[in-house]
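Asker: fold the following.
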Amino acid sequence: MLKEQKGVTLIALVVTIVVLIILAAVSMAMVLGDQGIFKKAQEGANAMHDAEVNTAEGFNALYDEIDALTPAGE
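Answerer: Numbering: from 1, shown residues only. Modelled structure (predicted):
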């Protein structure tokens, strides 16, 4: 009876380790893959930078138009 309990415990341990390895592999793929979290974060940072540049260019164009319409002495 004691040998059967040790065998079941060993099998449960092996199954648990295999499940943990599978979960770790899936998690690494989700984080580091082509559509992973780091890739999406980098794309978001690039999009934010582009939006900031576009906003700055728009404000500069607006200031240039205001300067062109305003008399130089005022």
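Asker: for the chain, name the helix or strand with the lowest mean pLDDT.
Answerer: Within the chain, judged by mean pLDDT, DSSP states H and E, the helix or strand with the poorest mean is helix 2-32; its value is a mean of 84.
Asker: which helices and strands does the longest helix anywhere in the chain pack with?
Answerer: Counting by DSSP state H, the longest helix found in the chain is helix 37-69. On a contact count with 3 or more C-beta pairs under 8 Å, 6 or more residues apart in numbering; DSSP states H and E, helix 37-69 meets helix 2-32. Where C-beta positions appear, they are placed from N, C-alpha and C, glycine not excepted.
Asker: quick one, the helix it packs on and helix 37-69 angle?
Answerer: 20 degrees (axes from the mean of the first three to the mean of the last three C-alpha atoms, to 10 degrees).
Asker: helix 2-32 - contacts with which helices or strands?
Answerer: Helix 2-32 packs on helix 37-69, going by 3+ C-beta pairs under 8 Å, 6+ apart.
Asker: assign a three-state SS to Asp34, would you?
Answerer: coil (DSSP: H, G, I helix; E, B strand; the rest coil).
Asker: what's around it, how many residues?
Answerer: 6 (other C-beta atoms under 10 Å).
Asker: same deal with the one 5 residues further on?
Answerer: Applying other C-beta under 10 Å, we find 13 residues neighbouring Lys39.
Asker: relative to the whole chain's centre, how far out is stretch 12-20?
Answerer: Distance of stretch 12-20 from its chain centroid, counting by C-alpha atoms, centre = their mean, to the nearest Å, is 30 Å.
Asker: what of stretch 10-20?
Answerer: That offset, for stretch 10-20, works out to 31 Å (C-alpha atoms, centre = their mean).
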